[in-house]
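Student: sequence and predicted structure, then a few things I'm wondering about:
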Amino acid sequence: MKNKLFFIIFHLFVITNTASLLFAAETVFGYVNCENLIRLHPLMKQYDPATKRFINTASEPRPSEEPAAFIKRLSEEQKKIATLINQLDAEYGQKISGKSLAAQKLWWVFWKRRESFKVQYDLISEAINQAKLHGDFFLNTPSPWTMFPVVKAISSSINDALEHLKKGKKLEIIFDTSVFLPFSTKFIKSDEFVANRHQALWQGRAVSKDELFYAALGIKDSIIKNFPALSHKPFLAGAVDLTKDSEELLQAITLRTPYLEEIKEDIKE
């Protein structure tokens, strides 16, 4: 399930341009490991592998907690987030001034972190509202669709960080190297790998969505097996490793603290 979750989030924020950019004479592009970025997001700490849902959200099953107790607990969590927003506003809302690049970056981080707090607040509001509406009936595992707002929140933060880096470093495109990592095939029937899916592609025959999916898995497995050293860095030249910058920037805009002092002097271009 977790692999599927990474797959969904990845497709929500892939940064891409037209294919012609890949063939430009002086194209400069970067690469990151989006799976690591997903793991770093604070909301992933709320993911419960046992239930395959996010705690303190509308997706969380509550088999042993009364709706009233659930609402009270989440209301307390919501008050803490509201306090963080108020503290952040008081510390920086009217105090970041100037037109320098440093001031602009600090304001951007301030606003994105504020947005992150607001998203967390709204996720709890949705959970409280659903508990009020459904009461005792809403105690079983909710629909998978209740996970979408959380997935969207995670992907939006990562997309914001990557877009900022892309613009600041004047990159054409950012690639995700996590697509070259081993993929869990537990949910795939073994006989799906028997047929040579590649042949249909090379011969130009029409293939179904499922056939294309298995062909892509086969191609990736081949790359991992034959070029292990390139699995995490599949570029010979012209690529910028954004691993450190992307992780630091994502943490800066999602860190659950109202203080930005730690990133004032360390926001990367």
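Tutor: Sure, I can see it. Residues are numbered from 1 along each chain as shown.

Student: average pLDDT across whichever strand or helix holds residue 37?
Tutor: Per DSSP states H and E, residue 37 falls inside helix 34-40. Mean per-residue pLDDT for helix 34-40: 91.

Student: okay, now the residue nearest to residue 33 when sequence neighbours are not counted: neighbour count?
Tutor: Closest residue in space to residue 33, ignoring its immediate chain neighbours: residue 178 at 4.9 Å, by C-beta to C-beta, 6 or more residues apart in numbering. The C-beta positions use only the backbone N, C-alpha and C, and glycine is treated the same way. Per other C-beta atoms under 10 Å, the neighbour tally for residue 178 reads 18.

Student: isn't residue 178 right up against residue 35?
Tutor: Yes: Residue 178 is within contact range of residue 35, at 3.8 Å (criterion: C-beta atoms under 8 Å).

Student: what residues of stretch 237-257 count as buried?
Tutor: Within stretch 237-257, the residues scored as buried using 16 or more other C-beta atoms under 10 Å are 239-240, 242-243, 245-247, 249-255.

Student: okay, the residue nearest to residue 247 when sequence neighbours are not counted and residue 96: tell me how far apart.
Tutor: Nearest non-adjacent residue to residue 247, counting by C-beta to C-beta, 6+ apart: residue 40, 6.0 Å away. Applying C-beta to C-beta, to the nearest Å, the value for residue 40 to residue 96 is 25 Å.

Student: could you say which helix or strand holds the most centrally placed residue in the chain?
Tutor: When C-alpha atoms, centre = their mean is applied to the chain, the residue found nearest the centroid is residue 155 (3.5 Å). Using DSSP H and E, residue 155 maps to helix 148-168.

Student: average pLDDT across the helix or strand just after that helix?
Tutor: Sequence order places strand 173-176 as the next helix or strand after helix 148-168, per DSSP H and E. For strand 173-176, mean pLDDT rounds to 88.

Student: so what does strand 173-176 touch, helix or strand wise?
Tutor: Helices and strands touching strand 173-176, by 3 or more C-beta pairs under 8 Å, 6 or more residues apart in numbering; DSSP states H and E, are strand 29-32, helix 148-168.

Student: just name the most buried of these.
Tutor: Highest mean neighbour count among the helices and strands packed on strand 173-176 (mean count of other C-beta atoms under 10 Å): strand 29-32, with a mean of 23.

Student: quick one, helices of this structure?
Tutor: 2-13, 34-40, 67-88, 101-134, 148-168, 197-202, 209-226, 243-254 (DSSP state H).
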